[in-house]
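Coordinates for the following, if possible.
(chains A and B)
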Protein chains: 2
Amino acid sequence: MSEKKIPYKIYLSEEEMPKQWYNMRADMKNKPAPLLNPGTLKPMTFDDLTPVFCDELVHQELDDTTAYFDIPQEILNFYKMYRPAPLVRAYCLEEKLQTPAKIYYKFEGNNTSGSHKLNSAIAQAYYAKKQGLTGVTTETGAGQWGTALSMACSYLGLDCKVYMVKVSYEQKPFRREVMRTYGASVTPSPSMQTQVGRKILAEHPGTTGSLGCAISEAVEVATSTPGYRYVLGSVLNQVLLHQSIIGLETKAALDKYGVKPDIIIGCAGGGSNLGGLISPFMGQVLRGEANYRFIAVEPASCPSFTRGKFAYDFCDTGMVCPLAKMYTLGSGFIPSANHAGGLRYHGMSSILSQLYHDGLMEAVAVEQTSVFQAAEMFARVEGILPAPESSHAIRVAIDEALKCKQTGEEKTIVFGLTGTGYFDMVAYEKFHDGKMTDYIPTDADLQVGFDGIPKFPGNEF
Amino acid sequence: MSEKKIPYKIYLSEEEMPKQWYNMRADMKNKPAPLLNPGTLKPMTFDDLTPVFCDELVHQELDDTTAYFDIPQEILNFYKMYRPAPLVRAYCLEEKLQTPAKIYYKFEGNNTSGSHKLNSAIAQAYYAKKQGLTGVTTETGAGQWGTALSMACSYLGLDCKVYMVKVSYEQKPFRREVMRTYGASVTPSPSMQTQVGRKILAEHPGTTGSLGCAISEAVEVATSTPGYRYVLGSVLNQVLLHQSIIGLETKAALDKYGVKPDIIIGCAGGGSNLGGLISPFMGQVLRGEANYRFIAVEPASCPSFTRGKFAYDFCDTGMVCPLAKMYTLGSGFIPSANHAGGLRYHGMSSILSQLYHDGLMEAVAVEQTSVFQAAEMFARVEGILPAPESSHAIRVAIDEALKCKQTGEEKTIVFGLTGTGYFDMVAYEKFHDGKMTDYIPTDADLQVGFDGIPKFPGNEF
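Sure, this is the predicted structure:
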């Protein structure tokens, strides 16, 4: 089909929206390793997990053979409120870069949560509601996930308790207010509401909290409150399953115009966006039907893929969660000086970790100031103010497009623009004022985290 | 066409996007009164206006006979970056209200400026650039217009100087940072940069500024700096012309599904959104082709239509601008305790004023707390966090839908959802904390403003 005919924005119609999620694991020869019970070191069973997660989500978590899951009609209806998300042809960015590359981005920020997180939030809230539960608990760092879950719970009439990393709670009062608008209770973590919170506050009275700590609190409240379960916005297999809607829509939009990408790029924190974006494309690769380059982009300050260990590790600081096999910096690693709160996690999705380990995906780490340079350029030419997390992908998309400029190759680059930066203006202000710094952990810094990774037979790294 | 087939969101294709703006004045029997030179009290001519506004925009301002203006290709290209805006069927709101009414809203907030202001900003910046100018100046209150203009100027490579009402500058640092991201210079007003600013500061050292004062500063800088012109985001005829894209798209989307609205509702500050939304529909009424109810919604704290005078008045506090015939509270009126900064203007578009005067449009004033109640309900069921300004329209749309519930009438209601409230969380916080108050000016309060309206023969009120 003629290049000229591709519009600035490709919107699928409601009828063209995917009706099923795709489960990459079904096509993986090397399946991601199972979650382990930290006490017995045996794989977590359905019965082990149901006190924490609602039943249907545990089924999805453990199922590595079913390729497609029907999306329930109620979730499809909710999706129609803010989806399909546009696939945008970045004509203006291409012109600015004077590159022969063709750049597309899947924009997931046009909803009030401001990110792709809503795709899984509504699914998790729906299954909790369907099971007759009263409410859910979760943690949030930068706030996108907490906002998304608040919106989903408000829509379905579920209680929602959010434990928000204390430093974010204080620095991002507006995020907190959005969650309150949707009726959620928002508690700064660590709090005095939980045993684990009280313990951490006793040991570290001045702590500003961490994602790992907030997870521990949310899990404790979920498992000790009748009618509640815990939900998580990234890392888990079920989350990547729900987020496959991103990739499925992207592929449908590209197929409609006969476009085949060469490179697919996404930012990687816990892996929810990247895993969702690449799903159907990786499925083709796994089935031997096509080839693509996949690039995970992570912050140099929190380099799980590029400098982490592939090992079983705790998902949370309080060590109440199961062990996951993943690229990890150790649950005790504390990334600092990085404004992309959503990428500040020590671990990584087990699925993506396995794919990376098997050489099916690349990873690069980028520094913060170069990320904000890319963000500002993008905002000016494409008209969207990107979230710092998303801007990691923009950085590498621009770098790849500039390589094409040098070589003259007309590659097609697709990246995930996960969200907007309206609540990140403190970071932008630092950047404008020249006060933003880069931070790259030394090997010694990393060793502190590695030392906390549990040692047991079969977990050598 | 069957009701069932209407999707949640109607998106026009790029080909279906309007290629011309519509000028309501061409179809008005009673034309809006011309701008007057405050010195001579004679109508402003092309030559009077070109020191302030760029030439093409003056032509548009003065032309009340040409019905359609071609939208230049460059502006169409920019529009394609964030338009067409969706026309949303508010199925979830209808269900929540249990109303037989059919509710639609035109959502203009899915761009980084967060509002419809971008539609005119790009047009005004384009004509300035085309004339070979170096830059433009403007004022901004709540910040939407300043952000929109910054984006447009950044795209075209024009300088942009924004005078931001001091209280907003201090209370909304994030808005300021968005403008800086787009390369604009942002100065708190009143400033020491201008004669009018220095005079106001000398007389009122502690003043937190006003929109009328910021306009005076911006105009002074534009007219005293070579290569600069002033641009304005509302009130003017040219702005309503550009904003007609809102109504034209809305009508095209409704026509596509064979839907004819009964009631069309918009919030009214200076009139940019309301005037744009109703344009093609009012055109039909003016030509005797159809009938609709049009409702302007204004804050009870700044009730230009419902309690103002229809008279010639100054557009700005410094009285450097021409006189406009409009519904006005007097340029000395200071509205307080109203968070909808975009509706805090003493005057109103001359076009809309004439239509209201001729009985072609209704107006209602609503109180702030009831507006935020509507905003929160809307956010929870429709998933979009609305701007306080836009929420005025939501309030009245809900009220009209509830009337339908009582009468059983299946009316079709269309309202303009002008923008998002991400930068208005301080107001939402006050509302959540029960600290929001309503303010209705007394007749004595209003008299202070009325006393400042100039008296001259023919300006009786």
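
which other helices and strands contact the one helix or strand A:Phe78 maps to?
Secondary structure from DSSP states H and E places A:Phe78 in helix A:73-82. Using 3 or more C-beta pairs under 8 Å, 6 or more residues apart in numbering or on different chains; DSSP states H and E, the elements in contact with helix A:73-82 are helix A:118-130. Just so you know, the C-beta spots here come from the backbone N, C-alpha and C atoms, and that holds for glycine as well.

Name the nearest residue to A:Ile334, ignoring sequence neighbours.
A:Ser210 (6.6 Å; C-beta to C-beta, 6 or more residues apart in numbering or on different chains).

Just confirm the one you found contacts A:Val165, I think it does.
Yes: under the criterion of C-beta atoms under 8 Å, A:Ser210 makes contact with A:Val165 at 6.3 Å.

partner residues bridging A:Ile264?
On the basis of DSSP bridges, A:Ile264 is bridged to A:Phe294, A:Val414.

Quick check: it vs chain B, distance?
23 Å (C-beta to the nearest C-beta, to the nearest Å).

cool, A:Phe423 as well?
To chain B, A:Phe423 is 7 Å away according to C-beta to the nearest C-beta.

what about that residue, how many neighbours?
Neighbour count for A:Phe423, taken as other C-beta atoms under 10 Å in any protein chain shown: 26.

And for A:Cys302?
Residues near A:Cys302, counting by other C-beta under 10 Å, number 24.

My read is that it contacts A:Arg344, right?
Yes: with contact defined as C-beta under 8 Å, A:Cys302 reaches A:Arg344; the gap is 5.5 Å.

how near is the closest residue to A:Lys130 other than its chain neighbours to A:Gly271?
Closest residue to A:Lys130 apart from its sequence neighbours, by C-beta to C-beta, 6+ apart: A:Glu56 at 7.0 Å. Look at A:Glu56 and A:Gly271: by C-beta to C-beta, to the nearest Å, they are 21 Å apart.

Same drill for these two, tell me which one is more crowded.
For the pair A:Glu56 and A:Gly271, the greater number of neighbours falls to A:Gly271 (32 against 18), based on other C-beta under 10 Å.

That one reaches A:Tyr356, doesn't it?
No: applying C-beta under 8 Å, one finds A:Gly271 not in contact with A:Tyr356, separated by 9.9 Å.

which residues are in contact with both of these two?
Shared contacts of A:Gly271 and A:Tyr356 (C-beta atoms under 8 Å, 6 or more residues apart in numbering or on different chains): none.

If you count neighbours, what's buried in stretch A:74-87?
A:Ile75, A:Leu76, A:Phe78, A:Tyr79, A:Lys80, A:Met81, A:Tyr82, A:Arg83, A:Pro84, A:Ala85, A:Pro86, A:Leu87 (16 or more other C-beta atoms under 10 Å in any protein chain shown).

Please identify which of those is nearest to A:Cys267.
A:Ala85 (16.0 Å; C-beta to C-beta).

Quick check: mean pLDDT of the strand or helix carrying A:Ala365?
When elements are assigned from DSSP H and E, A:Ala365 belongs to strand A:362-366. On average, the pLDDT along strand A:362-366 is 98.

cool, and stretch A:111-122?
95.

show me the contacts for the residue minimising distance to the centre of chain A.
Centroid-nearest residue in chain A: A:Ser272, 3.2 Å away (criterion: C-alpha atoms, centre = their mean). A:Ser272 sits next to A:His116, A:Lys117, A:Ser120, A:Gly233, A:Ser234, A:Val235, A:Val239, A:Leu240, A:Gln243, A:Ser349 when contact means C-beta under 8 Å, 6+ apart.

Just checking: what are the partner strands of the strand holding A:Ala365?
Applying DSSP bridges, strand A:362-366 is found paired with strand A:293-299 (parallel).

what's the offset of the strand it pairs with from the middle of its chain?
Relative to the chain's own centre, strand A:293-299 is displaced by 13 Å; criterion: C-alpha atoms, centre = their mean, to the nearest Å.

and the end-to-end length of stretch A:100-111?
32 Å (C-alpha to C-alpha, to the nearest Å).

With that, I have no additional questions.
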